[in-house]
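Trainee: Here is my input; please provide its structure:
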Amino acid sequence: MNQIYNYIQTSVPMKRDVVYPVKSRSDLKRVYNNIVNLSKRSPFYKIEITKENQDYTFGIKETALELKGKLNEMLDPKVSNFDTNTVMVSDEKVLNATLMSDVPQNIPREINIQISSLALAQENIGKELMNDSYALPRGTYLFEAKVRKETYSLIYDNNERHPNLEVMRNLVNYLNEEVPGITASVEKAEKNNYSFIKITANTTGSYEENTFSFQDEEYYDQGIAEFYGLNRIGTQASNAQFSLNGVDKQTLSNTFKLENVLQISLQGVNGKEDSVLLRITPDSEKVLSSVEKVMATYNKLIDLAKTRTQGSNASYNASKLLGEMKGMENVFGEELKACGIKIMNDGSLQLEDSLAVQASMDGGMKDLFTRENGFIARLKDKMEAIAINPMDYLEKTVVLYPNTQKGSFTNPYVTSMYSGLFFNSYC
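Mentor: Coordinates of the predicted model:
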């Protein structure tokens, strides 16, 4: 019989991801007792063992076990994502925000932010000089750069006279290589054939002094820093000024962390009259992704039964399965509708985006899957019944009814063929 079962199993197209449909020894014992009791009550059947019957019977059993396993998994927050959160921003042009934890704590669920000014980096704008003028005299130029508290001694050799544009490009490359914390570049001026050097700090925010500065050696009448205007400040460094729920704040950077839970990046100014609302809500995208996986398995079971009714003249037991599933859907129709789950004409289920998103955010979807006496609870019981006795939905001929009047009566084990299709699927 093991060889027969293994041969038939290779022809079944679906594979069950869930290895252990039962989670404890007590569950296993309950399933075992149900199988034994079912075997005692069931008549002895004659079944036509065709490939079609084999595929259908094993198919609905495996799919029922898979669905039951997925329904049980939805009680695990890591699988269901019911406790996973995201942050919604009312105006993403002004700021964006990202949660650093799926389950944020010690932070308000709603935050109003008013942004007065953004943090700025110091920016120096050099002198505008004609590109093809040979203005810088020959010589070796010693100067220093100070970035925050670090000082860098620099030497630039100009042994031969070169056009200003060439010298500026060489000097910019030298500064970028030798001075960390700044970025230098050569920019075109508004005047035709004129350029200047722009130097920008890599960090924003003010420390009550210049972020960086340049200084020529004292014994030079005119050093290279003064010649190209490396120390001319165009934009002064400043901090971001904003308020959180009415409390004034400032930061050195436009990106900061709130309670190590929420990362906020300021991108614009909205003033004191307007505010940006941040709302921490359940992550509907992740929740609905988990729900869709459950519904896909549910619809696979419906499709198996529907295909059976279309492909066989004597398929009344497959119609019975469809009828039982539709009956459950009708009983709990309002419960499903409230969660944005639409019942289709063939008995399959489909998500309606707007209602489903709302249900995932307000907790309705979580209640659907955790309610003790709702649709999901009934569905789990139904899947266990189908897995234990898939033969109930296959056409068969009764050969012998059990004689239950005898106290010592026990039916021979027919679980492998009728009620359980090998009980070790549960082990």
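Trainee: distance of Phe214 from Val357?
Mentor: 56 Å (Cβ to Cβ, to the nearest Å). C-beta: built from backbone N, CA, C; applies to glycine.
Trainee: When those two are compared, which one has more neighbours?
Mentor: It is Phe214, of Phe214 and Val357, that has more neighbours when counted by other Cβ atoms under 10 Å, with 24 against 18.
Trainee: Please list all residues in contact with that one.
Mentor: 143-146, 225, 230-231 (Cβ atoms under 8 Å, 6 or more residues apart in numbering).
Trainee: Which of the residues you listed fall within helices?
Mentor: Counted as lying in helices by DSSP state H, out of the contacts of Phe214, are Ala225.
Trainee: Give me the helices and strands touching the host helix or strand of Ala296, please.
Mentor: Per DSSP states H and E, Ala296 falls inside helix 284-311. Contacts defined by 3 or more Cβ pairs under 8 Å, 6 or more residues apart in numbering; DSSP states H and E place helix 284-311 against helix 51-73, helix 77-80, helix 316-331, strand 349-351, helix 353-362, helix 364-370.
Trainee: and the angle for it with helix 51-73?
Mentor: 160 degrees (axes from the mean of the first three to the mean of the last three Cα atoms, to 10 degrees).
Trainee: and the direction of helix 284-311 versus that of helix 353-362, what angle?
Mentor: Using the same axes, to 10 degrees: helix 284-311 against helix 353-362 is 130 degrees.
Trainee: quick one: low-confidence parts of the stretch 251-400 of the chain?
Mentor: Counting by pLDDT under 70, the stretch 251-400 of the chain has low-confidence residues at 271-273, 311-315, 398-400.
Trainee: From Glu73, how far off is the residue most central in space within the chain?
Mentor: For the chain, the residue nearest the mean C-alpha position is Lys286 (5.6 Å; Cα atoms, centre = their mean). As judged by Cβ to Cβ, Lys286 and Glu73 stand 14 Å apart.
Trainee: Also Gly181?
Mentor: With Cβ to Cβ as the criterion, Gly181 and Glu73 are 51 Å apart.
Trainee: what's the answer for Phe375, then?
Mentor: Phe375 sits at a distance of 17 Å from Glu73 (criterion: Cβ to Cβ).
Trainee: for Thr151, same thing?
Mentor: Counting by Cβ to Cβ, the gap from Thr151 to Glu73 is 61 Å.
Trainee: what's the answer for Ile341, then?
Mentor: Taking Cβ to Cβ, one finds Ile341 at 18 Å from Glu73.
Trainee: Next: Val167.
Mentor: 68 Å.
Trainee: Give me the more crowded residue out of these two.
Mentor: Between Val167 and Glu73, Val167 has the larger neighbour count (other Cβ under 10 Å), namely 22 against 16.
Trainee: is it true that that one lies in a strand?
Mentor: No - judged by DSSP: H, G, I helix; E, B strand; the rest coil, Val167 forms no part of a strand; its state is helix.
Trainee: That one is in contact with Asn158, isn't it?
Mentor: Yes - using Cβ atoms under 8 Å, Val167 is in contact with Asn158, at 6.8 Å.
Trainee: Find the residues that touch each one of those two.
Mentor: Joint contacts of Val167 and Asn158 (Cβ under 8 Å, 6+ apart) are Leu136.
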